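Asks: got a predicted structure here, sequence first:
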Amino acid sequence: MGRIVAVCISEQKGQRKKNVGKGELVPQHGLAGDAHAGPWHRQVSLLALESIHKMQAKGLKVGPGDFAENLTTEGLNLTALKPGDRLRIGSHALVEVTQIGKVCHERCAVYYQAGDCVMPREGIFVAVLQGGPVQVGDAVEVVEE
């Protein structure tokens, strides 16, 4: 089991996101108020704090939200998940993994601002099946069907 260490949103795609501490996961939409939310398969992005630490070890001055992830987690191996796996976030929200990593056809603003982007390699994307509040400190766990 892991936990949420940041809940991040941005007004535009391709930007670093700001940790707002809490939010609302909306079914079939994503994180309320975020530019990436909408009726598609990449409604919410997750990145492990452990991945951010790898970038910090390379000398990058980055933290949660700097790779445009919505939810920064700690203590859960996100890269071991596969499409179709489900996660319970907090006490109410249920999400389903839809994609592991992504292909970046061109370097985004995050890459140029941070010097590298770990999201294409280690980020995951989910669709919201059941909504609910999400906040820093909430548990994140893989649930069995």
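Replies: Yes, it's here. Numbering: from 1, shown residues only.

Asks: CA atoms for contacts and neighbours, from now on please.
Replies: OK.

Asks: where does this structure dip in pLDDT?
Replies: Scanning the chain for pLDDT under 70 picks out 102-117, 145.

Asks: one more time with 50, if that's ok
Replies: Counting by pLDDT under 50, the chain contains no low-confidence segment.

Asks: for it, what spans make up the strands?
Replies: With DSSP state E, the ranges of strands along the chain come out as 2-9, 18-19, 22-26, 30-31, 44-48, 71-74, 86-89, 93-100, 124-130, 132-135, 139-143.

Asks: what lies in contact with the second one?
Replies: What that stands for is strand 18-19. Outside of strand 18-19, the residues within contact range by C-alpha atoms under 8 Å, 6 or more residues apart in numbering are 6, 7, 8, 9, 10, 64, 65, 66.

Asks: in its sheet, which strands sit next to that strand, and in what direction?
Replies: When pairing is defined by DSSP bridges, strand 18-19 lines up against strand 2-9 (antiparallel).

Asks: distance of the residue nearest to residue 19 when sequence neighbours are not counted from residue 75?
Replies: In space, and not counting its chain neighbours, residue 19 is closest to residue 8: 4.2 Å by C-alpha to C-alpha, 6 or more residues apart in numbering. Distance of residue 8 to residue 75, computed by C-alpha to C-alpha, to the nearest Å: 18 Å.

Asks: out of these two, which sits in the busier spot?
Replies: Each of residue 8 and residue 75 has its neighbours counted (other C-alpha atoms under 10 Å); residue 8 has more, 27 against 15.

Asks: which residues touch the more buried one?
Replies: Applying C-alpha under 8 Å, 6+ apart, we find residue 8 in contact with 17, 18, 19, 20, 21, 64, 65, 68, 69, 70, 71, 72.

Asks: report the separation between the residue nearest in space to the middle of the chain and residue 128.
Replies: Nearest to the geometric centre of the chain sits residue 46, at 1.9 Å (C-alpha atoms, centre = their mean). Remark: distance between residue 46 and residue 128 (C-alpha to C-alpha) = 12 Å.

Asks: identify the contacts common to those two.
Replies: In terms of C-alpha under 8 Å, 6+ apart, residue 46 and residue 128 are not both contacted by any residue.
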